[in-house]
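**Student:** Below are the sequence and a predicted model; questions follow.
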Amino acid sequence: MKFAVRACSNGRSRVGVLQVGSCPNPIETPSLLLSTRKGLPVFISPDLLPSLPSPDSHLLQMSPLHLVLRKKYYMLQQFSWVLVSYFLCLEGPSSKTISIVGGLHQLLGLHEYGFAAVPRDSVFCLPECGGTNKIGASFETPCGRRLIKPIEYMEMISSMKPNLWATLADEVPSWVPEKRNKTSVDRTLRWLDECIALSPAGGAVFGSIVGGSNIVERQRSAQQVVSRNVSGYWIGGFGLGESMDERPALLNAVTDILPEEKPRLICGLGLPEEVLQAVAAGIDLFDSVYIYHLTLGGFALTFPLDRIERHSSNFQLSDIGSDYTKINLRATVFRKDTSPIVDNCSCYTCQNHTKAYINHLLNVHEMLAQILLEIHNTHHYLNFFRLIREAIKEGKFEQFRQKFIETRRHLAVAAVCA
Amino acid sequence: MALRFEVLGRFNRARAAQLTLPHFVSQTPLFMPVGTQGTIKGLTTNQLEEIGCQIILGNTYHLELRPTSELIDELGGLHKFMNWPRALLTDSGGFQMVSLLHLADITEKGVTFQSPVDGKPMLLTPEESIQIQNRIGADIIMALDDVVRTTITGPRIEEAMYRTLRWIDRCIAAHKRPNEQNLFGIVQGGLDPVLRDICARGLVDRNLPGYAIGGLAGGEDKDSFWRVVAQCTAALPEDKPRYVMGVGYPLDIVVCSALGADMYDCVYPTRTARFGTALVPEGVLKLKHKAMADDARPIDPACTCMVCKNYSRAYIHCLVTKDAMGSQLLSYHNLFYMMKFPKGDVPEWVCNAMEVAGIDISSCCAPFSSTQD
Ligand SMILES: [Zn+2]
Ligand SMILES: [Zn+2]
């Protein structure tokens, strides 16, 4: 993996270029990593992946725990077919089999994609600090609560051979007592050393930084990790109860310490405002859990992508949670709407299908609805990141960010008054 | 008549033909996957073209419930609604009602059933079935028939056959788009050769664009099954397509094609995919099975589909029945397998056996039917 910063704007925000071994073309940052379930996007099958913007879509994030968890107990809960499936875990392939197959790229048939392995994925694998102890990190997974030791984690990494991977972290929510937060910083550092000691050849190491909502602990964690031999940084402990207002100070405390020439990956921040906030603090890489939640809810992103210069006037009000950045395609107003989700959108979904058809698919619980929505939403969000990069390159990131937030606020007010 | 059927080659009673429909020029024998609600579960229309699907079946009963035929019509027909450029076929809706709703009752007027929406009694007449199908706009539409299970015996079979013949005239009279849609009649008559013969003759007299053999795949034994198909294909005209309804197990398709049938439909390949089963030349492969967890081979090493080129059984094993992707990938492989199958990808041993046996294929059926479910 190679990384270089190309341009900066208004202080911390920056554009970089990330070169990952298996991707044919370098990827510009700030960039979105496509979240996956067991290595593939949840609904986009591998033959549909090339229809997404390239090379932007060539970085995939996966949790090694998805693939090797073994059955522990069943939880039968009657949700939709999507949810119920998560609670029934049978055996996955063993690390040995993945190793024999030749690692993630072989297993998934995605030779021109880069894989970033991170234990937490914010959907199927959540840090569960009550169960974490000095032996290992505990996660809430579809197969129940699992304790993962550094040595087990490194076994997964060696067999899967991701292009880059984050060290095991003890992530805690913002409300834990100071003492527990300190322990989390110490433990994450100790596991970092253990992981590096056990680490296989190849695969860039991203050192995990934690510290909760305490600025001093955030700084201490960052300083310690910076002194280690790592290729990049994974910033954990966000999206775990801290407020939007306290985030800039926490993020800045970390990025001020990090060397400029190494990439920074963050977990748990996904809303457009959150992404803009983190980019302003100098974060380079994001996961796309936001897309997953939108898709499951029947939402499609619709905010304008023309640099937010003009206020789009053709927004359609609908009753279920539409808010001028997104629409809910379950809403009955779309029953006879033969236009694509976004006019001029070049994604597979908008080029081939109407809102009326997706509304029908959602009504009759057909899986194609999620496939089409995930394609459009991923496409749309990748383009949002492209706009962010353009704004930084032009030295206008702060203006871009203000305009985006104002447009949303303005339109929200207009909606209330209407 | 809005189709052309040209026989391109023959082998005994079997034939390969080109079926030209308003939306697509298809090659028979062909398999039609079932896209009940205007989509084949988990696959995009681009993927379906890639796999080689020529005709997709839509279920009139489901489409009329949601989004309704009025809406489909208003938005320009089902082809446009689901963005499928190739051919479509819709069933009459009658069979779905009889099989899905307990309170369905058949009278001379039509099929009465309890509305699943508000519980009120509803009536589907032959005229209404055709009107709905005219609005949906498929290339091939099916006449409303009086379906009885083949395992039933007695006067009910005879009644149903004669009613089917009376209803075909009502369907023909109601059909408003004969230049864009082809109405197929359905041969009924249970397992009784005399009744089947009367029905086939009656339908042939009406000179329809194509004919279906109905009332099969309902639990009858294979020996009775192939005899009905053999009798009907012999009675139906050479220059019209013949469609065996509800048949889709690979071996059944081979047998029916040998007997001169051209078209098939079945939910089996996609339904079985959702339960983690793959179709392979040897029969089926259950991906859920523990033995698959560490099997690094593809589903079918000889298959050239996107899934078999890229994925091991071990990886599919960890997806099936849990992740949407598992059913997407297995449906892809299973349909790919079905599309290749009638196009001459029949295992050589089957071809050899057929040739030696000539028309007497009943001996092939018995030992292998057990591997199919
Ligand atoms: Zn789109
Ligand atoms: Zn295959």
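**Tutor:** Perfect, I can see it now. Ligands and ions are numbered 1, 2, ... in the order given.

**Student:** rest of the way, CA atoms for contacts and neighbours
**Tutor:** OK.

**Student:** Three-state assignment for the most centrally placed residue in chain B, please.
**Tutor:** When C-alpha atoms, centre = their mean is applied to chain B, the residue found nearest the centroid is B:Asp265 (1.6 Å). Per DSSP: H, G, I helix; E, B strand; the rest coil, the local secondary structure of B:Asp265 is strand.

**Student:** ok, it touching B:Pro33?
**Tutor:** Yes: with contacts counted by C-alpha atoms under 8 Å, B:Asp265 reaches B:Pro33, the gap being 5.9 Å.

**Student:** which residues are in contact with both of the two?
**Tutor:** Common contacts of B:Asp265 and B:Pro33 (C-alpha atoms under 8 Å, 6 or more residues apart in numbering or on different chains): B:Leu57.

**Student:** A:Gly102: neighbour count?
**Tutor:** Residues lying near A:Gly102 (other C-alpha atoms under 10 Å in any protein chain shown) number 14.

**Student:** Enumerate every residue touching it.
**Tutor:** A:159-160.

**Student:** confidence score at it?
**Tutor:** Here, the pLDDT recorded for A:Gly102 equals 90.

**Student:** swap in B:Thr321?
**Tutor:** Looking at B:Thr321, its pLDDT reads 84.

**Student:** I figured it hits B:Ser327, correct?
**Tutor:** Yes: with contact defined as C-alpha under 8 Å, B:Thr321 and B:Ser327 form a contacting pair (7.1 Å).

**Student:** tell me, what's touching these two both at once?
**Tutor:** Residues within reach of B:Thr321 and of B:Ser327 at once, by C-alpha under 8 Å, 6+ apart, are B:274-276.

**Student:** show me what contacts the residue in chain B that ligand 1 sits nearest to?
**Tutor:** Residue of chain B nearest ligand 1, by C-alpha to the ion: B:Thr44 (14.8 Å). For B:Thr44, the contact set (C-alpha under 8 Å, 6+ apart) comprises A:Leu368.

**Student:** pLDDT wise, what is it at?
**Tutor:** 98.

**Student:** Could you pull up phi and psi at it?
**Tutor:** Per-residue torsions, B:Thr44: phi -80, psi 160 (degrees, to the nearest 10).

**Student:** distance of it from ligand 2?
**Tutor:** Distance, B:Thr44 to ligand 2, by C-alpha to the ion, to the nearest Å: 17 Å.

**Student:** any idea how far A:Ile209 is from that residue?
**Tutor:** Distance check for B:Thr44 against A:Ile209: by C-alpha to C-alpha, to the nearest Å, it reads 42 Å.

**Student:** And for B:Gln188?
**Tutor:** For B:Gln188, the distance to A:Ile209 - C-alpha to C-alpha - is 73 Å.

**Student:** follow-up on the earlier one: next, the nearest residue to the residue nearest to the centre of chain B once chain neighbours are set aside: secondary structure please.
**Tutor:** Spatially, and ignoring its direct neighbours in sequence, B:Asp265 is nearest to B:Met32 (4.7 Å; C-alpha to C-alpha, 6 or more residues apart in numbering or on different chains). Assigned by three-state DSSP, the conformation of B:Met32 is strand.

**Student:** Would you agree B:Met32 is in contact with B:Asp262?
**Tutor:** No: B:Met32 sits out of contact with B:Asp262 when judged by C-alpha under 8 Å, with a separation of 10.8 Å.

**Student:** Give the phi and psi angles for B:Ile168, as a check.
**Tutor:** Dihedral angles for B:Ile168 - degrees, to the nearest 10 - are phi -60, psi -40.

**Student:** if we can go back for a sec, what about the residue nearest to B:Asp265, neighbour count?
**Tutor:** Residues near B:Met32, counting by other C-alpha under 10 Å, number 25.

**Student:** same check, this time on B:Ile106
**Tutor:** 17.

**Student:** go on, B:Met306?
**Tutor:** B:Met306 sits with 17 neighbouring residues when counted by other C-alpha under 10 Å.

**Student:** and if you look at A:Gln402?
**Tutor:** A:Gln402 has 12 nearby residues by other C-alpha under 10 Å.
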